[in-house]
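Asker: What follows is a predicted protein model with its sequence.
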Amino acid sequence: MSAALHPDSWQYRELNKRAPSLATLADTLIELAEAGHPVVAGTADLQHSNGLVGFARRFPERFTQFGISEQNMVSAAAGMATTGVMPYVATFASFLALLCCEQIRMDVAYCAQPVRLIGHHTGISLGFYGTSHHATEDIAIMRSIADLTVVSTADGPQFAAALRASVNHPQPIYFRISRGHDPAVYGKDAPFEFGKAVVHGIGNDITIIACGMAVHSAKQAMEALNGKGHSVGLIDMHTIKPLDRAAVMAAARKSRIILTVEEHNILGGLGGAVAEVLAEEGGGARLVRHGIKDEYSLIAPPTHLYRHYKLDAAGVESVAQSLLA
Amino acid sequence: MASSGASRWPSNSGNDGISDEQAARLRERARFVRLETIRLISIAKVGHYSSVFSCAEIFSTLYYDTMRLRRGEPGWPDRDRFLMGKGHAAVGQFPILADLDFFDRSWLDDYTRLGSPLGDHPDMRKVPGVDFSSGSIGHALSNGVGMALGGRFHGKDFNVFVLLGDGEMQEGQVWEAAISAATHRLGKLVAIVDRNGYQLDGKVDDVAAVEPLDEKWRAFGWEVHEVDGHDVVALANLLRKVKADTGREKPCCIIARTVKGKGIDYMETEPGWHLGYLAPEDEARARDMILEGAQ
């Protein structure tokens, strides 16, 4: 990796091929398979994008290339799971959560099969590939499917920890991970427990509740604002379903404002989930939802989009600052 | 129904053909399926009679001749699997599952009543012996691909039989699964197409043409056979041969030429019977016709 290269550039990606989050997928699955877990994996013509090529080389008998047939992949993964394996299948989140929504509901969740669905390159992280490749609806769709756990990890170490935890998780899981170039929030031994948020702090003024790539931005924003004398906290809500309601209410009881930040439509996603808790439980905090405001994203390199939609550190800070005025 | 150029194995041609006694038993079990279907739908007051009647001999042959099963052990890991793309024919499958002691026969008496595990479509979480839930047409062959891959991974030799409707051939996912099965050389996967020619809105080939089916499946890399889907001798012998061919790497598709509503004359001539209800007097006539068919 070179600091001189722009993170949107081809050269950057070439130098940083083992993008932390995505390299994590193959590396962790290899680790789990070597430890004796019945892990198998599959993808739909994206083994280089999601790094599963590394797993395929190490364990060819455990890997299935489905080609560009995402629905077939999801249904087949559910069929495989009935024989006693734990399938991890990965493709772009837009295709997994939107194109395969019904297969996920019928064959994975309704049939209670321990399939681990990994939607990568979420939100607007595919930048100028456009709306067909963006996934700003996936959280809303996935969290409305009964018996499906929904997780949006902040970085590679947290994703690795979540994958390790997944081998003992009874429900099927939808993992939402970004494009893999996300800066790390956590160290190598990131803690992870399904349904238990990571509370970085509860602020008197604002508590930011974020998930996925937005956690890093929000953490930087929190530190900057606290450096200016404000009282800002942060909750990393990596599990969106089941939601850590206690963490939300801890913030609601102390903070004047709760600001949700997500790389997703503000309708139905993390902001929607938090709004439901606040409406049902009461609490005095005002809720502000920040994210994609029910629109199709513009086309641009990812970092330009994050800046435009105020999802980078400066953007989150400016949104929070405007609420403090 | 058009049939062109498919490879055919003459019915009952081999020396290992089923016995007359076994053939009689399979016919009797097919009648049992039809009669029980009428009884259960009389509880629900609406159901897919004709969709079951086209595949009653397929059910009977698979469950009582072809498949490796253990009575009373629906979860036996080495069992052959059976999946239904046309899940709406489950009302014909449930009586067999009860007959095999997979669940108590009394469950049938409450078919579709509040809280019953038995509905119009099969639910694997509720009904022992259902190897995979269905209801949304087009998924089952993919589920079967996964089971065959899982069987290979575990070093098991079970077969996976997937019954597909001919209208189901219109679903794109079927062909995704067909490509996948051929690519991964899933010789343990057998698709059976119930080619009864009708779907809810009319004749399959008027609604959305699927022929030539044999050429399609062959072009997708499958071994293809055609058979009279009501001839239990032909069906059983073909399925025995397919199953005995353990060296086959190609997945196998059997196009079963069938008649929708087979056994009930007014259903055979009236495609509107896809979903219906028999009034009590019609029900008695239907029972008589099924029993007359046994003469």
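Answerer: Cool, the structure landed.

Asker: Phi, psi for the residue positioned nearest the centre of chain A please.
Answerer: Nearest residue to the geometric centre of chain A (Cα atoms, centre = their mean): A:S152, 2.6 Å. Main-chain torsions, A:S152, degrees, to the nearest 10: phi -130, psi 100.

Asker: which ones are touching it?
Answerer: Shown in contact with A:S152 (Cβ atoms under 8 Å, 6 or more residues apart in numbering or on different chains): A:122, A:139, A:175-177, A:211-212, A:237-238, A:240, A:262, A:270. (Each C-beta comes from the backbone N, C-alpha and C, glycine too.)

Asker: ok, 6 Å please
Answerer: A:176, A:211-212, A:240 (Cβ atoms under 6 Å, 6 or more residues apart in numbering or on different chains).

Asker: Phi, psi for A:G127 please.
Answerer: phi 50, psi -110.

Asker: oh, I was asking about A:I209
Answerer: phi -110, psi 120.

Asker: Tell me how many other residues surround it.
Answerer: 31 (other Cβ atoms under 10 Å in any protein chain shown).

Asker: can you map out the helices along the stretch 51-200 of chain B?
Answerer: Here the stretch 51-200 of chain B has its helices, by DSSP state H, counting those that start in this stretch, at B:56-61, B:90-99, B:140-153, B:172-183.

Asker: Which strands or helices does the longest one pack on?
Answerer: Other helices and strands packing on helix B:140-153, by 3 or more Cβ pairs under 6 Å, 6 or more residues apart in numbering or on different chains; DSSP states H and E, are helix A:70-81, strand B:81-84, strand B:160-165, helix B:172-183.

Asker: For A:V199, which of the ones you listed is the nearest?
Answerer: Closest to A:V199 of these is helix A:70-81 (Cβ to Cβ; 33.8 Å).

Asker: And the next helix or strand past that closest one?
Answerer: Using DSSP states H and E, the helix or strand that follows helix A:70-81 towards the C-terminus is strand A:86-92.

Asker: Only alpha carbons, please: show that next one as PDB.
Answerer: Only the C-alpha atoms of strand A:86-92 are listed here, as PDB (Å, rounded to 0.1, in the frame of the first residue of the first chain):
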ATOM      1  CA  MET A  86     -22.200 -24.700   6.700                       C
ATOM      2  CA  PRO A  87     -22.100 -22.800   3.400                       C
ATOM      3  CA  TYR A  88     -20.700 -19.300   3.100                       C
ATOM      4  CA  VAL A  89     -21.700 -17.800  -0.200                       C
ATOM      5  CA  ALA A  90     -20.600 -14.400  -1.300                       C
ATOM      6  CA  THR A  91     -21.400 -12.000  -4.000                       C
ATOM      7  CA  PHE A  92     -22.100  -8.300  -4.500                       C
END
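
Asker: Would you mind naming what in the stretch 151-295 of chain B lies close to chain A?
Answerer: Within the stretch 151-295 of chain B, the positions lying close to chain A (Cβ under 6 Å from any Cβ of the partner chain) are B:154, B:173, B:176-177, B:180.

Asker: what's the lowest-mean-pLDDT helix or strand in chain B in contact with?
Answerer: Of all the helices and strands that make up chain B, helix B:265-268 has the lowest average by mean pLDDT, DSSP states H and E, namely a mean of 88. Residues outside helix B:265-268 that contact it (Cβ under 6 Å, 6+ apart): B:50, B:259, B:261, B:273.

Asker: before we move on, the earlier item: quick one: closest of the helices of the stretch 51-200 of chain B to A:V39.
Answerer: The nearest among the helices of the stretch 51-200 of chain B, by Cβ to Cβ, is helix B:140-153 at 10.9 Å.

Asker: what residues does that closest one touch?
Answerer: So helix B:140-153 is contacted by A:72, A:75-76, A:79-80, A:83, A:85, B:81, B:83, B:85, B:132, B:134, B:158, B:160, B:162, B:174, B:177, B:180-181, B:186, B:188-189 (Cβ under 6 Å, 6+ apart).

Asker: Can you give the contact residues for the strand or helix carrying A:G291?
Answerer: Element membership of A:G291 [criterion: DSSP H and E] is strand A:286-292. Strand A:286-292 is contacted from outside by A:136, A:257-262, A:264-266, A:271, A:275, A:278, A:319, using Cβ under 6 Å, 6+ apart.

Asker: Determine which two of these are furthest apart.
Answerer: A:T136 and A:I257 (23.6 Å).

Asker: related to what we said a few turns ago, of the residues of the stretch 151-295 of chain B next to chain A, just say which sits nearest to chain A.
Answerer: B:E176 (3.6 Å; Cβ to the nearest Cβ).

Asker: Give the burial count for that closest one, as a bare number.
Answerer: Neighbours around B:E176, by other Cβ under 10 Å: 25.

Asker: One more: B:W273?
Answerer: B:W273, neighbours per other Cβ under 10 Å, totals 20.

Asker: mind listing what it touches?
Answerer: B:50, B:261, B:267.

Asker: Could I get the full set of strands for the stretch 101-250 of chain A?
Answerer: A:116-120, A:149-152, A:173-176, A:198-201, A:206-210, A:232-236, A:239-241 (DSSP state E, counting those that start in this stretch).

Asker: elements contacting the first one?
Answerer: Looking back up the chat, that one is strand A:116-120. Using 3+ Cβ pairs under 6 Å, 6+ apart: strand A:116-120 touches strand A:86-92, strand A:173-176.

Asker: what about those, which gets the closest to chain B?
Answerer: Closest among those, once you apply Cβ to the nearest Cβ, is strand A:86-92, at 7.8 Å.

Asker: And the closest one, how far out from the chain middle?
Answerer: Between the centre of strand A:86-92 and the centre of its chain there are 14 Å (Cα atoms, centre = their mean, to the nearest Å).
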